[in-house]
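> Sequence plus predicted model, see below.
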Amino acid sequence: GNSVTQMEGPVTLSEEAFLTINCTYTATGYPSLFWYVQYPGEGLQLLLKATKADDKGSNKGFEATYRKETTSFHLEKGSVQVSDSAVYFCALSDPGGYQKVTFGTGTKLQVIP
Amino acid sequence: DTGVSQDPRHKITKRGQNVTFRCDPISEHNRLYWYRQTLGQGPEFLTYFQNEAQLEKSRLLSDRFSAERPKGSFSTLEIQRTEQGDSAMYLCASSLETSNQPQHFGDGTRLSIL
């Protein structure tokens, strides 16, 4: 079945540092890939998405590129802010059928001033 | 677009009691999903509705769980005879039917079993 593996946290960075959160996936066919962010006490918010190989999703300074050859979708940001502190989930959706989403376990990011 | 709304935000109940949660999806979304999220984990799929039809259920959804979407709008998730292991965040999401549309999540209902 489908699965998503992402790096374990927590990740602690100083403000303005470079962020990478690794994500790899296993899926049949060609899934869509997503990064969701969850702030404390809240639901998940879509951060960015990519629907086919070599697509780059970007939003709020975050980027991730759909790499089919390495089955990866790593999240990057050039300069993190304290307000980026949250839990980040890598996810994929079934390419057909009902498009249910399979999530990774999440990576907690803490940015310190 | 008022977003996905879930009620209540928090529910505390004693083991063995029944609980019901409600989800109001984004109005034009005909797909609705329920997920369960335990502490430190990502959400896990429970069930899916397209309009009023429940088209898929996870093996995680034991016979104590039932979900409905009677008119294809709001949905309810009921848990009967709650157990300690049911303590979790229950998330609802909705999306359009067209392919590659992302799911939009509510803020969830946090269930605590005493």
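Arrived safely, thanks for sending. Residues are numbered from 1 along each chain as shown, chains lettered A, B, ... in the order given.

> Spatially, and excluding backbone neighbours, which residue is closest to A:Val82.
Nearest residue to A:Val82, sequence neighbours excluded (C-beta to C-beta, 6 or more residues apart in numbering or on different chains): A:Val111, at 5.0 Å. Backbone N, C-alpha and C define where each C-beta goes, glycine included.

> now swap in A:Leu48 and tell me
Leaving out its chain neighbours, the residue that sits closest to A:Leu48 by C-beta to C-beta, 6+ apart is A:Gly57, at 3.5 Å.

> quick one: pLDDT of that neighbour?
For A:Gly57, the pLDDT comes out at 96.

> Report the secondary structure element holding it.
Element membership of A:Gly57, judged by DSSP states H and E, is strand A:56-59.

> Can you give me every residue that contacts residue 9?
No chain was given, so I picked chain A. Residues in contact with A:Gly9 (C-beta atoms under 8 Å, 6 or more residues apart in numbering or on different chains) are A:87, A:106-109.

> Let me rephrase: I mean chain B.
B:107-110.

> now swap in B:Glu28 and tell me
Contact partners of B:Glu28, counting by C-beta under 8 Å, 6+ apart, are B:Leu96.

> again, but for A:Thr105
A:6, A:8, B:40-42.

> rerun that using 10 Å as the cut-off
Listed by C-beta atoms under 10 Å, 6 or more residues apart in numbering or on different chains, the contact set of A:Thr105 reads A:4-9, A:87, A:89-90, B:40-42.

> Is any residue of the helix or strand of chain A with the lowest mean pLDDT near chain B?
Within chain A, no helix or strand scores below strand A:101-103, which has a mean of 92 by mean pLDDT, DSSP states H and E. Yes: Strand A:101-103 reaches chain B (C-beta under 10 Å from any C-beta of the partner chain) through A:101-103.

> isn't A:His74 right next to A:Thr5, touching?
No: look at A:His74 against A:Thr5 with C-beta atoms under 10 Å: they stay out of range, at 11.7 Å.
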